[in-house]
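>>> Predicted structure and sequence below. I'll ask about it afterward.
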Amino acid sequence: MFYIYIETKEMRYYLRFFVGILMVLSSCKKDDTVCCSPLPGNETTPTLSIDGVAKAEGNGGTTVFSFTIKLSKASTKSVSVRVSSKDGFATAPADYTAVDKTVTINPGETSAQLSVTIVADDFKEGDDDFLLTLSEPSNATIETAVGAGSILNDDTKIQVVDTGYTTPSSYAGKTLVWADEFNGTGLNTSDWNYDVGDGCPNCGWGNNELEYYTAGDNLTFQSGKMIIEARKENKNGKSYTSSRLTTLNKRSFKFGRVDIRAKLPSGQGIWPAFWMLGDNFPTAGWPACGEIDIMELLGHQPSKVYSTIHYKAGTGSRNIEKSLVTASSLADEFHVYSLVWETDKIKTMVDDKVIGEFSAADVAGTYPFNEKFFFIFNIAVGGNWPGSPNATTYFPQWMMVDYIRVFQ
C-alpha cells in the first residue's frame, strides 16, 4: 500500500481527469468506434495498392481484366488516384485498350475495380504484359504503385503474312535439281536431320550458345512454310530451346544457284543462319571442311545481313566476312537469300542484291569450296557473336522458310 499526497485543489482535479480517461479506455471494446476512434486531428492516412492480373487472352473479340485498387482501411473521406497504363510486350491498342483515368474509392469503402479491355485473337504469341501505375493520390498515400497485367497465350496457330520478295521457279540454262517447298505436315526425313542437344562435349556448339536443340518440338509446318521456333523454356539444363536442321549424308551439292525464301526472327541474342559445311566435316573437322554462311543475322541488327566463308590456314582458322545493310528490317517480311557458286568463286545475295563476293585468290590457305557441301538451318540463342538475350528480347521468335531451291 502506498499513499499519494495532493498539495492543491488543481492537482486533485487533474488526477481525477486522467483517472477518468483510463477508466473509459479500459472499458472500450475493439469495435467501439466512439471509444477507439482517433482523437480529432490524429487520424492515420490510409495507403493505396493495386493487384496484378494474369489471365488467358481468349479467342476472338475481347476479354476484360479486372484490377482491384485497395485501401488499407476505410476512410471518412473520398479517396482518389490516377491510374495510367504503360506498354510492355503488350502494346496498345493492338493488345489492350490504354488507360489514363481517375479512380475514386467512396467514404467507408476499401476498394474499387478498374476494367481493362484485352484484344483477343487466335494466333500464338508470348505471354505479353503491360503495367498499370498509380499516381496523384488524394486523401491517401501509395504503398504499391504498380500492378502488372499478364496476357497469357492460349493459342497454337502461328500468324503467317506472306508478303515480300520472291524468285522464279526456273532460270535460263539451269535445271532445278532439288527443292523443298515445305508444303507437307512434317519434316521430310529423307532429306533432313535433326541436330539434337547442346553441342556437348564442345558445349554451346563451339560458340557458347544457350539453347537446346530439340528433335521436332520446335518445328511447325503451316501455310506452306517450315517454321523454326526459339522459345524461352528450360530443357536439359538450358534456358532456351530451338531447332537445328542439316542435310548431312542426305543432300549435298557442288556449285549452282541456291535460293532460300524466308522471314527472319529478331531481338537481342537471336541468331538465325542458313549455312553450309563440306561433306568431309565428320572426318576432316572444322575449319578444314570449309564453311559457307549464306545468311547470318544478329537479332539486334535486323537490317544488316552477313555472309562469311571460313577455312583453314596453317594450324588455325580464318574467315572473310561481308555484309549489307538493307532499307528495312529483314524480320518484317519474306526475303530471298541466294548463293551463286562456281569454280573458285562464290557470291551471296539478298533479293538479288550482292552481299559479298569471294574467290580462291582471296583465301590465304587451302581453298575447300570446290567440293560438295551440305545445308544447315538454325536459330541459335545467345553465343559469342550476338551476346545473350536480355529483358528486351521477345519470345517466342520464329524463322519461317517458304522454300529452298537448288539449280545447276
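It's in. All figures in this text were calculated on a predicted structure; none of them were measured in a lab.
>>> for residue 74, what are its contacts?
46, 107, 108, 109, 110 (CB atoms under 8 Å, 6 or more residues apart in numbering). Using the backbone N, CA and C atoms, a C-beta is placed for each residue, glycine as well.
>>> no, scratch that, I was asking about residue 294
Contacts of residue 294 (CB under 8 Å, 6+ apart): 258, 260, 274, 275, 276, 307, 337, 338, 339, 348.
>>> Check the secondary structure at the first one for me.
On the three-state scheme (DSSP: H, G, I helix; E, B strand; the rest coil), residue 258 is labelled strand.
>>> Just the helices from the stretch 251-400 of the chain, written as ranges.
Assigned by DSSP state H, counting those that start in this stretch, the helices in the stretch 251-400 of the chain fall at 281-284.
>>> among the contacts of residue 74, who's most crowded?
residue 46 (20 neighbours; other CB atoms under 10 Å).
>>> which residues of the chain score low on pLDDT?
Low-confidence segments of the chain, defined by pLDDT under 70: 1-43.
>>> Quickly list what the residue lying closest to residue 337 once chain neighbours are set aside is bridged to.
Nearest non-adjacent residue to residue 337, counting by CB to CB, 6 or more residues apart in numbering: residue 295, 4.1 Å away. Going by DSSP bridges, residue 295 is paired in beta bridges with residue 274.
>>> so residue 295 makes contact with residue 259?
No. Counting by CB atoms under 8 Å, residue 295 stays clear of residue 259, with 11.5 Å between them.
>>> Overlap in contacts, these two.
By CB under 8 Å, 6+ apart, the residues touching both residue 295 and residue 259 are residue 337.
>>> So between those two, which is more surrounded?
residue 295 (26 against 23).
>>> mind checking how far that one is from residue 182?
Distance of residue 295 to residue 182, computed by CB to CB, to the nearest Å: 17 Å.
>>> and what of residue 106?
Taken as CB to CB, the span from residue 106 to residue 182 is 60 Å.
>>> Domain parsing of this protein, as residue ranges.
47-152, 176-407 (automatic domain parsing).
>>> Out of those, which one sits most buried?
domain 176-407 (a mean of 18; mean count of other CB atoms under 10 Å).
>>> Now do that domain: distance to the chain's middle.
Distance of domain 176-407 from its chain centroid, counting by CA atoms, centre = their mean, to the nearest Å, is 20 Å.
>>> Would you mind measuring the gap between the ends of it?
4 Å (CA to CA, to the nearest Å).
>>> likewise stretch 120-133?
23 Å.
>>> Ok, stretch 273-286 next?
End-to-end for stretch 273-286, by CA to CA: 17 Å.
>>> and residue 137, how far is that from residue 107?
As judged by CB to CB, residue 137 and residue 107 stand 15 Å apart.
>>> scratch that, residue 250 is what I was asking about
Residue 250 is 76 Å from residue 107, where distance means CB to CB.
>>> for residue 337, same thing?
From residue 337 to residue 107 the distance is 67 Å (CB to CB).
>>> just residue 54 next, same as before
Plainly put, residue 54 is 32 Å away from residue 107 if you go by CB to CB.
>>> Is residue 172 located within a helix, as I assumed?
No. Counting by three-state DSSP, residue 172 is not found in a helix; it is coil.
>>> Report the beta-bridge partners for the closest residue in space to residue 262 that isn't next to it in sequence.
Using CB to CB, 6+ apart and skipping residues adjacent in sequence, the residue nearest residue 262 is residue 401, 4.7 Å away. Per DSSP bridges, the residues bridged to residue 401 are residue 226, residue 262.
>>> Show the contacting residues for residue 401.
182, 225, 226, 227, 228, 260, 261, 262, 377.
>>> Surely the third one and residue 218 touch.
Meaning residue 226. No. Contact criterion CB under 8 Å: residue 226 and residue 218 do not qualify, at 11.3 Å.
>>> what do these two both touch?
Contacts common to residue 226 and residue 218, judged by CB under 8 Å, 6+ apart, are absent.
>>> Outside of stretch 312-328 itself, list whatever touches it.
Outside stretch 312-328, the residues that reach it (CB under 8 Å, 6+ apart) are 286-288, 303-311, 335, 348, 350, 353-358, 362-366, 368.
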